[in-house]
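> Can you look at this prediction? I've put the sequence above it.
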Amino acid sequence: GGFGGGLAVSDGKVFVSSGYRVMTAFEANTGAELWRTPVDLPIHGAPTVSGQRVYVVDVDNQLMAFNVANGQQDWSYRGITEPARIMRASSPAVSGGTVVAPFSSGQIVALQASNGQPVWEQVLSRTSRTSALSELRDIAGRPVVSRGQVYAVSQSGVLQSMDLRSGQPKWSLPVAGVNQPLPVGDVLYVVSKSGELTVVNRETGQVYWTRDLNEGRVRKEGGFLGFGKRTVRPVWSGPILASNRLVLVNSDGEAVAFDPKTGAQTASLKLGSAAYIAPAAYNGALYVLTDKGQLVSIR
């Protein structure tokens, strides 16, 4: 069976990537299939559409660009093969004529959107890693391009700001994460694997504050007669900023809102089951897809 994939919407078309090794485009209003292009390997991440191309990364770290009109592959770029990866998957970011692609090898590569020629490359990896899990350098959260800077975080413990044109790092912090960073105004929000919400100055990398989102949510599970129990911490996805609230969802089935200035919790809502995909905001509502396949709309 296949898993993963995702979708993107642009100019009345819906573009779907699939773990079943296929890229498909549909007419948004009717659902009529416009084209279908088979690929060699599963695609676990959602596509990114910009201009006349739609971009995806397969499980072998190959970035592919398809023509939105007919599904023909215009070009491809292969990163360093890295079979060990996080079960989450990322998508490329596009700004103007530049595509910024993340790979499970820890590579961030910027390429020309017109022909796929590489412009620069950075590897987000710490030289000293303390566990087998930290050896995984996967960039599972989508890179973000804002104000001429690229922000990205790796599973192995590097949060970095890079110049979009040259790739030159501006600052770097030891943060391990699998979520997309969120630039807002003069700050950047990021959630670590351990459940810490950190706010940094986006120009200098100075840390303003860090809040433990799992405070009061850590529990013990399993074991026999009280022995061998394991510590369980919720997994968080997000954040998104809506109505002056930072909203995140977690594997305990909660949607939780925090004050963006202080990090104090302001509201929470039970979703009914775990959620591993960050919420989306549109037209006065938040939309959350739960792990049971339920779509929840929150006013």
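On my side now, so go ahead. All values derive from a computational prediction rather than experimental measurement.

> For Val175, see how far away the residue nearest to the spatial centre of the chain is.
Central residue of the chain (Cα atoms, centre = their mean): Gly141, 2.7 Å from the mean position. Using Cβ to Cβ, to the nearest Å, we find Gly141 at a distance of 11 Å from Val175. Any C-beta I mention is one placed from the backbone N, CA and C, and that applies to glycine too.

> In this structure the residue nearest to the centre of the chain contacts Val153, no?
Yes: the criterion here is Cβ atoms under 8 Å, and Gly141 meets it with Val153 at 5.7 Å.

> which residues are in contact with both of those two?
When Cβ atoms under 8 Å, 6 or more residues apart in numbering defines a contact, the residues bordering Gly141 and Val153 alike are Gly177, Val178, Asn179, Pro181.

> Now flag whichever of those is closest to Ile108.
Nearest to Ile108 among the shared contacts of Gly141 and Val153 is Pro181, at 12.6 Å by Cβ to Cβ.

> Check what pLDDT that closest one gets.
As predicted, Pro181 sits at a pLDDT of 97.

> quick one: low-confidence ranges for the stretch 101-250 of the chain?
Scanning the stretch 101-250 of the chain with the threshold set as pLDDT under 70 gives 126-135, 223-226.

> what do you get if the cut-off is 50, keeping everything else the same?
Applying pLDDT under 50 to the stretch 101-250 of the chain flags no residue at all.

> And the strands in it?
107-112, 118-123, 144-146, 149-153, 159-163, 169-173, 182-184, 187-191, 196-201, 207-212, 219-221, 230-232, 236-242, 245-250 (DSSP state E, counting those that start in this stretch).

> can I see the domain layout of this structure?
Using automatic domain parsing, the domains assigned to the chain come out as 1-78, 89-187, 213-299.

> gap between the two ends of the longest one?
Its start and end residues considered, domain 89-187 measures 25 Å (Cα to Cα, to the nearest Å).

> so can I have JSON lines of the strands of the stretch 101-250 of the chain showing mean neighbour count and distance to Asp291?
Listed next are the strands of the stretch 101-250 of the chain as JSON lines, based on neighbours: other Cβ atoms under 10 Å; distance: least, Cβ to Cβ, whole Å:
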{"stretch": "strand 107-112", "mean neighbour count": "21", "distance to Asp291": "29"}
{"stretch": "strand 118-123", "mean neighbour count": "16", "distance to Asp291": "32"}
{"stretch": "strand 144-146", "mean neighbour count": "19", "distance to Asp291": "25"}
{"stretch": "strand 149-153", "mean neighbour count": "24", "distance to Asp291": "23"}
{"stretch": "strand 159-163", "mean neighbour count": "22", "distance to Asp291": "27"}
{"stretch": "strand 169-173", "mean neighbour count": "16", "distance to Asp291": "30"}
{"stretch": "strand 182-184", "mean neighbour count": "18", "distance to Asp291": "22"}
{"stretch": "strand 187-191", "mean neighbour count": "23", "distance to Asp291": "18"}
{"stretch": "strand 196-201", "mean neighbour count": "20", "distance to Asp291": "22"}
{"stretch": "strand 207-212", "mean neighbour count": "14", "distance to Asp291": "24"}
{"stretch": "strand 219-221", "mean neighbour count": "10", "distance to Asp291": "17"}
{"stretch": "strand 230-232", "mean neighbour count": "11", "distance to Asp291": "16"}
{"stretch": "strand 236-242", "mean neighbour count": "22", "distance to Asp291": "11"}
{"stretch": "strand 245-250", "mean neighbour count": "23", "distance to Asp291": "10"}
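
> Any chance of JSON lines for those strands, columns distance to Gly5?
Below are the strands of the stretch 101-250 of the chain laid out as JSON lines (distance: least, Cβ to Cβ, whole Å):
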{"stretch": "strand 107-112", "distance to Gly5": "22"}
{"stretch": "strand 118-123", "distance to Gly5": "26"}
{"stretch": "strand 144-146", "distance to Gly5": "21"}
{"stretch": "strand 149-153", "distance to Gly5": "22"}
{"stretch": "strand 159-163", "distance to Gly5": "27"}
{"stretch": "strand 169-173", "distance to Gly5": "31"}
{"stretch": "strand 182-184", "distance to Gly5": "24"}
{"stretch": "strand 187-191", "distance to Gly5": "23"}
{"stretch": "strand 196-201", "distance to Gly5": "28"}
{"stretch": "strand 207-212", "distance to Gly5": "33"}
{"stretch": "strand 219-221", "distance to Gly5": "31"}
{"stretch": "strand 230-232", "distance to Gly5": "28"}
{"stretch": "strand 236-242", "distance to Gly5": "17"}
{"stretch": "strand 245-250", "distance to Gly5": "20"}
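
> And Asp252, how far from Arg88?
18 Å.

> Same question for Ser10.
With Cβ to Cβ as the criterion, Ser10 and Arg88 are 23 Å apart.

> Many thanks, I have nothing further to ask.
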